[in-house]
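>>> dropping the sequence and predicted coords here.
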Amino acid sequence: MRRRAVIGALYATPAAVLVVLFFVAPLLLVGWMSLHRWPLLGKPRVNAPDNYTAIGDNALLTTAAWFTLRYTVIITVLLFVIAFGLALLVQNRRKGVGFFRTAFFLPMAVGFASASLLFLGLLSEEIGPLPLADGSPALGSAVLLVLWRFAGFNMLILLTGLQAIPVDVYEAARIDGATRWQTFRRITVPLMRPTIALVLTMMVTGSLLAFDQFWILTRGGPDNSTTSLVMLIYREAFVRLDLGSAAGISVVLLVLLAVVSSVQLTVLRRRSA
Amino acid sequence: MKAMLAAVVLVLATACGADRSGAADDGTTLTLWTRAATEAVSKAYADAYNASHRNKIEVTAYPNEEYPAKLASAAGAKALPDLFAADVVFAPQYAAQGLWADVSEQFKSLPFKDSVAPSHVRAGTWEGHNFAVPHTIDLSVMLYNKDLYAKAGLDPEKPPRTLTEFTEHARKIDQLGGDVHGTYFGGNCGGCVEFTLWPSVWAAGGDVLDADGLSAKVDSPEMAAVFAVYRDLYDQGVASPASKGEAGPTWLGALQGGKVGIAPGPSVWLDAIEAKGVEVGVAPIPGITGGESTFVGGDAIGIGATSSKAEQAWDFLAWTMSDEAQVEVVAKRKGVPVRTDLAANKHSSADPRLVTVNGLVAKGKTPYARNFNATFNDPQGPWLTTVRGALFGDASAALMAGNEAITKSLRQE
């Protein structure tokens, strides 16, 4: 018995080491840093709770928080509708469906930063085939990019959820004379709840942590109108060179994310129970 | 004791003259980082040094916008290169953060230390210690298109001597019509605006910052008057409409197009613009009613604080400031020498425009503030918001609110 326990522990060790090394340790370090004045070189000194109290004083915070929220709502709604729509379109095995599944998923094969650069080139006034003049909707172009890049991936997850619903349930519904809409509302959606919960949580967390697309496409402009919360962290760390303050904002954002995700999962799971 | 001995040896070695390298030239390979904008100059220095020395400099360049983050992460990992250059306005911050090694002693021993561009040296100084020396100098000047001047009936040999004259010239050229515009500026780029507008404030005897870089004077009448000039030019369509969105990357391209009459810009673009077949005249940036000044920009360079090859690295730095390097590397490429005593040299005498430019180094300023980047150059900083308001929004409210926000940002620990 003891032997079995040891072997079990051994099997789990590689994963545990990786988690500690790349998740737990950095997490603790960020918490520790947020309590210090942490220069790039030289000795850190404790300044708690300055890094936290300074957050409220940050002039950019309100703009960035408001923008990030707005972006999260827009992306979550649009991305979910499009991804679910695509999943329903390619749900059943038909001729040519493989082609469309691949086509919808393909943008995922492009790295996100590369995809952002592609869009930057595409929309550039200087070299782009689809030039956007000054005053163009900066947010709109970023939303378009994210939809193009991530719709296929979310479609794939929703598709696995759809295909996990037993065919018998649909057959029973058909025999009972249910319409297409009734089948969707009363069978597909309820049985999909865990998958939908997963996808929505990933979309919300991903959007609250948005950085690459705005950093590359708009640099947070024009007039700070597309400055996200993570860009604020970047500015503290790499422009102001104040790692403690950057860590402080990161911790707050982390707590916020944990709360949002747990509320979201609880609500969505409870209804499915 | 050992460290002190090393310092003494170092001082002796450099005191013997920068051209004759002693023990510090022992065949060491040194890494040097620079931003893309400065790559050509850094490589020219390195090639000439490598050809005449046993040490070897390896230059790596990074994209301009990503460079500060690259340096910050390297510093955090205690893996800075042996030498690194940086935009001179960032120098006080890097010096304050201890990213460069202290070179006060070595610098003092240079025979020509008093003629090394004073505003650059000041920028690399923190609490009385020298951490960086000038690497390249880039000055803001008025660049004007001689062909358009002639077409508009202006004398191509008579550039404006006041900012008011500048607006008159720009208006006249703008009347040529078509896709020609009177002027152009980087209205969505904090760095571009400070570089090109502040000299007009200085020329009028005003200031934008106090000497310690802790208080802003953005709401001064001098600054407001200069903003008003550019604001009018934009409102009247004399400045190209693209000026409002210009964030920097397409600034040079706009001037290379040959459709802009006169615009303030970097002196180092002279060659790049002429390469496109545009004949360019150069003039100092004037104040509203006269006077002249310039923003002494460019890059400063120092020894990475984590480098173990400081002695060899200083051998290179001392050599870059020598007569040989400044005349045969910098002046030969039409660059501005980092030493005021070399402003007139055998290469500059061939092109009178270069004498104009070189002579400005002593008259110009390099603003000094520890939080310069976060306040003025970073697009999320308070300066760009102020600039946008002053040029395209409610000017007086923007300058008042901006002055407060900028001062607060300058003082932030």
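Structure received. Residues are numbered from 1 along each chain as shown, chains lettered A, B, ... in the order given.
>>> what ranges do the helices span in the stretch 251-400 of chain B?
For the stretch 251-400 of chain B, the helices defined by DSSP state H, counting those that start in this stretch cover B:251-256, B:269-274, B:310-320, B:323-325, B:352-360, B:372, B:382-392, B:395-411.
>>> export the second one to PDB, keeping only CA atoms.
Meaning helix B:269-274. Output of helix B:269-274 as PDB, limited to C-alpha atoms (Å, rounded to 0.1, in the frame of the first residue of the first chain):
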ATOM      1  CA  TRP B 269      17.100  63.500 -41.300                       C
ATOM      2  CA  LEU B 270      18.900  65.900 -43.600                       C
ATOM      3  CA  ASP B 271      20.500  63.100 -45.600                       C
ATOM      4  CA  ALA B 272      17.400  60.800 -45.500                       C
ATOM      5  CA  ILE B 273      15.200  63.600 -47.000                       C
ATOM      6  CA  GLU B 274      17.800  64.600 -49.600                       C
END
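>>> elements contacting it?
strand B:133-145, helix B:251-256, strand B:280-283 (3 or more CB pairs under 8 Å, 6 or more residues apart in numbering or on different chains; DSSP states H and E). All C-beta spots, glycine's among them, are computed from the backbone N, C-alpha and C.
>>> so which residues make contact with that helix?
Residues from elsewhere that reach helix B:269-274 (CB atoms under 8 Å, 6 or more residues apart in numbering or on different chains): B:143, B:252, B:255-256, B:280, B:282, B:334, B:353.
>>> and the helices and strands packed on helix B:269-274: which comes nearest chain A?
helix B:251-256 (6.9 Å; CB to the nearest CB).
>>> mean confidence score for that closest one?
For helix B:251-256, the mean pLDDT works out to 90.
>>> what of stretch B:275-289?
Mean pLDDT, stretch B:275-289: 94.
>>> would a markdown table of the helices and strands packed on helix B:269-274 with distance to chain A and mean neighbour count be doable?
Output for the helices and strands packed on helix B:269-274, formatted as a markdown table (distance: least, CB to the nearest CB, whole Å; neighbours: other CB atoms under 10 Å in any protein chain shown):
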| stretch | distance to chain A | mean neighbour count |
| --- | --- | --- |
| strand B:133-145 | 20 | 26 |
| helix B:251-256 | 7 | 18 |
| strand B:280-283 | 22 | 20 |
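>>> of all these, which one comes closest to residue B:325?
Evaluated with CB to CB, the helices and strands packed on helix B:269-274 place strand B:133-145 nearest to residue B:325, the distance being 10.8 Å.
>>> that closest one pairs with which strands, and in what direction?
Using DSSP bridges, the strands paired with strand B:133-145 are strand B:262-266 (antiparallel), strand B:280-283 (antiparallel), strand B:296-303 (antiparallel).
>>> let me know which of those is tucked in deepest.
Of all the strands paired with strand B:133-145, strand B:296-303 carries the top mean neighbour count, a mean of 28, counting by mean count of other CB atoms under 10 Å in any protein chain shown.
>>> ok so, going back, to residue A:30, which of the helices and strands packed on helix B:269-274 lies closest?
Nearest to residue A:30 among the helices and strands packed on helix B:269-274 is strand B:133-145 (35.5 Å), distances taken as CB to CB.
>>> quick one: that closest one to helix B:352-360, angle?
Interaxial angle, strand B:133-145 versus helix B:352-360 (axes from the mean of the first three to the mean of the last three CA atoms, to 10 degrees): 130 degrees.
>>> what angle do helix B:310-320 and strand B:133-145 make with each other?
Here strand B:133-145 runs at an angle of 30 degrees relative to helix B:310-320 (the same axes, to 10 degrees).
>>> ok, then the element right after strand B:133-145?
Later in the chain than strand B:133-145, the nearest helix or strand by DSSP states H and E is helix B:146-151.
>>> understood, closing this out.
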